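Novice: got a structure for you, letters missing:
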């Protein structure tokens, strides 16, 4: 096997792992700040929607991110899952672009309470980079490069869920500090 082939496989696997962990962290942080993320979701809905819809959609987005991230981490060969990740990243790009055009400066709450930036050109660039990485991650790699035993797959899913839990805890802690005078 050529060194360039090994490097290409490593790049594909790195893209897969990076995006999976990012999805897990983003989903976990969103779950800790559903009210805040729902306010960002509300920006993209017509004013007449029922009050509960933005929060329901926010929760669904967070759960999809965690589920897809954990699945992608534990099943790196699942082509359908890699395609779903690409679709999710494409949605990120669409939301970032529309947010930049219509809601510039308002918080996207992409990482729940951990988010500090608003919709803008930098967010569009980050989303475009993620979409390119997801496109690269769809590339197939030899079976031996991702041949994982079931115990290793389960271990990766558990570690992924721990990442989501850590992001949840961090976002909840940040949100809790905002409510304490002098700790902003």
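Specialist: Happy to help now that I have it. For clarity, every value in this text was computed on a predicted model and none was experimentally measured.
Novice: Excluding chain neighbours, what is closest to the most centrally placed residue in the chain?
Specialist: The centroid of the chain falls nearest to residue 23 when counting by CA atoms, centre = their mean (2.6 Å). Nearest non-adjacent residue to residue 23, counting by CB to CB, 6 or more residues apart in numbering: residue 69, 3.2 Å away. Just so you know, the C-beta spots here come from the backbone N, C-alpha and C atoms, and that holds for glycine as well.
Novice: Provide the count of other residues in contact range of that neighbour.
Specialist: 27 (other CB atoms under 10 Å).
Novice: Show me where this protein has its helices.
Specialist: 3-32, 34-42, 52-74, 79-102, 121-137, 150-178 (DSSP state H).
Novice: Helix 79-102 and the first one, what's the angle between them?
Specialist: Translated: helix 3-32. Here helix 3-32 runs at an angle of 60 degrees relative to helix 79-102 (axes from the mean of the first three to the mean of the last three CA atoms, to 10 degrees).
Novice: likewise the second one?
Specialist: Using the same axes, to 10 degrees, one finds that helix 34-42 and helix 79-102 are set 70 degrees apart in direction.
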